[in-house]
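Trainee: okay, here's the prediction I keep looking at, along with the sequence it came from:
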Amino acid sequence: MKSPRTIRALAIGTALSALFAQPLAAADAEWKFYTYFAANDKPTSLHRAFAEDVTKATGGRLKITVYSSGELPYKASDVLRTVASNQVEIGDVALGFVAGDVPELNAFAMPFACTSIDKFYDKAIPAVSKTVDSVLSQRFKTASVMHWTMPPQQLWLVKTVDNLDGLKGLKVRSWNREQAEVMRLVGGSGVTINPAEVIPSLQRRVVDGAFTAAVPALDWKINEVAAFGYLLNLTLSHQAVAVNEAALAKLPDDVRKIFLDKAQEWAPKYRSEMIAADLAARKTLVDRGMVLREATPADIEKLRTLTRPIWDDWTAKTPAGKPMLEAVAAACS
């Protein structure tokens with residue numbers, strides 16, 4: 001016969017076993033967040049940190065898992081439609097990559113329309129965010145919860161050039177139509193290449209260079225295949241973190257508020273992190289043997305004049321985008 005003490009111990013043990021055997025409370029929602037950046041790229045690390053913070057702040061009630069390039073079968077140009085169709089609930093949309101879907105929102109792709117990260121956040125985005133948000137909502141039923149930008153787009157080349165004339169005859173990876181047109185205007189040509197193919201293309205000399213910011217240039221280890229960085233500060237890449245509106249509406253009110261508050265909280269973090277990453281990337285690329293040279297004021301002014309027809313051509317073909325371009329240019333002047 002078991003003693004009263006033994007019986008009590010068994011009862012407590014059984015109760016504890018039953019308690020720990022109960023399943024944990026399920027999340028109210030589990031979201032997929034897709035970014036076209038690679039797993040180890042700086043923006044992907046920021047997206048993961050944001051997602052983890054939201055998951056923690058909601059006590060796991062909204063669990064967000066970030067998927068990078070190659071982990072899901074989507075390209076940069078697919079992100080907006082992928083979010084709109086709720087294949088993923090949230091995505092990092094580069095408006096330059098989805099210009100075919102929302103051409104009137106591509107104002108930041110115009111050469112020299114805005115090249116200051118500070119003015120992008122402090123003036124340009126407040127001036128145009130309602131327009132962007134309205135188009136994304138009406139046409140794709142997505143809500144833009146955060147705007148951010150990569151540092152300015154630069155030109156990375158396998159050989160050193162002294163000035164704009166040195167770009168004649170060169171073939172350069174361009175990730176939007178405007179960059180390809182810039183190359184045509186300086187006597188070269190632009191080639192469309194996916195981010196994952198940039199380094200192999202430079203290695204095989206399929207192209208002589210590539211447009212991108214210093215941060216992805218470092219992430220890709222472009223110093224291993226290119227010798228020179230021609231710093232033109234051509235454009236900024238306008239990014240929008242977009243959420244499927246139906247998925248957002250399904251969240252409990254308190255969870256949705258936490259998510260939206262966190263998005264506002266993280267926008268300044270993206271800003272400071274990317275500014276710091278740009279400075280660090282430039283230094284590291286130099287330390288690894290690259291030559292980085294700022295274009296002279298004379299060459300910048302020459303390029304501004306040379307590329308201004310790109311603005312006129314775009315607004316003629318996309319009249320709905322003219323107010324946004326004018327607002328961006330005024331904010332960043």
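Mentor: Yep, that arrived.

Trainee: look up how far Leu164 lies from the residue nearest to Thr115 when sequence neighbours are not counted.
Mentor: If the residues on either side of it in the chain are set aside, Thr115 comes closest to Asn233, at 4.4 Å by Cβ to Cβ, 6 or more residues apart in numbering. Where you see a C-beta, it was placed from the backbone N, CA and C, and this is true even at glycine. Asn233 sits at a distance of 14 Å from Leu164 (criterion: Cβ to Cβ, to the nearest Å).

Trainee: just say helix, strand or coil for Phe33.
Mentor: Classification of Phe33 using DSSP: H, G, I helix; E, B strand; the rest coil returns strand.

Trainee: hmm, His47 and it touching each other?
Mentor: Yes - using Cβ atoms under 8 Å, Phe33 is in contact with His47, at 6.1 Å.

Trainee: hang on, the earlier thing: okay, now the residue nearest to Thr115: neighbour count?
Mentor: Asn233 has 16 neighbouring residues, counting by other Cβ atoms under 10 Å.

Trainee: try the one 3 residues further on
Mentor: Burial of Leu236, expressed as a neighbour count using other Cβ under 10 Å, amounts to 25.

Trainee: isn't Val241 right next to Thr142, touching?
Mentor: No - between Val241 and Thr142 there is no contact under Cβ under 8 Å: 10.0 Å.

Trainee: more neighbours, those two?
Mentor: A side-by-side neighbour count of Val241 and Thr142, using other Cβ under 10 Å, places Thr142 first with 28 against 23.

Trainee: and that one, its phi and psi?
Mentor: The phi and psi values for Thr142, taken as degrees, to the nearest 10, are phi -120, psi 150.

Trainee: what about the nearest residue to it once chain neighbours are set aside, how many neighbours?
Mentor: Closest residue in space to Thr142, ignoring its immediate chain neighbours: Ala242 at 4.3 Å, by Cβ to Cβ, 6+ apart. Ala242 has 28 neighbouring residues, counting by other Cβ under 10 Å.

Trainee: isn't there a strand covering Ala242?
Mentor: Yes - according to three-state DSSP, Ala242 belongs to a strand.

Trainee: can you pull up the bridge partners for it?
Mentor: Beta-bridge pairing of Ala242 under DSSP bridges involves Gly91, Ser144.

Trainee: from memory it sits against Ala143, does it?
Mentor: Yes - between Ala242 and Ala143 a contact is recorded at 6.8 Å, counting by Cβ under 8 Å.

Trainee: what about the residue nearest to Thr115, which SS state?
Mentor: Per three-state DSSP, the secondary structure class of Asn233 is coil.

Trainee: dump the residue contacts of Gly209.
Mentor: For Gly209, the contact set (Cβ atoms under 8 Å, 6 or more residues apart in numbering) comprises Leu155, Trp156, Leu157, Val158, Leu170, Lys171, Val172, Arg173, Leu202, Ala226.

Trainee: 7 Å - rerun?
Mentor: Residues in contact with Gly209 (Cβ atoms under 7 Å, 6 or more residues apart in numbering) are Leu155, Trp156, Leu157, Val158, Leu170, Val172, Ala226.

Trainee: and of those residues, the nearest to Ala124?
Mentor: Taking Cβ to Cβ as the measure, Ala124 lies nearest Leu155 of the contacts of Gly209, at 22.9 Å.

Trainee: and that closest one, how far from Ala143?
Mentor: Counting by Cβ to Cβ, the gap from Leu155 to Ala143 is 35 Å.

Trainee: what's the answer for Ala29, then?
Mentor: Distance from Ala29 to Ala143, by Cβ to Cβ: 15 Å.

Trainee: could you do Val328 as well?
Mentor: Val328 is 21 Å from Ala143, by Cβ to Cβ.

Trainee: next one: Arg61
Mentor: Here the criterion is Cβ to Cβ. By it, Arg61 lies 19 Å from Ala143.

Trainee: and Phe211, by the same measure?
Mentor: Taken as Cβ to Cβ, the span from Phe211 to Ala143 is 30 Å.

Trainee: right, and the helix or strand after the longest helix belonging to the chain?
Mentor: Using DSSP state H to define each element, the chain has its longest helix at helix 253-287. Per DSSP states H and E, the first helix or strand lying C-terminal to helix 253-287 is strand 291-294.

Trainee: what about the contacts of Gly209, which one has the most neighbours?
Mentor: Trp156 (30 neighbours).

Trainee: contacting residues around the nearest residue to that one once chain neighbours are set aside?
Mentor: Using Cβ to Cβ, 6+ apart and skipping residues adjacent in sequence, the residue nearest Trp156 is Ala226, 4.9 Å away. Going by Cβ under 7 Å, 6+ apart, Ala226 touches Trp156, Leu157, Val158, Leu202, Gly209.
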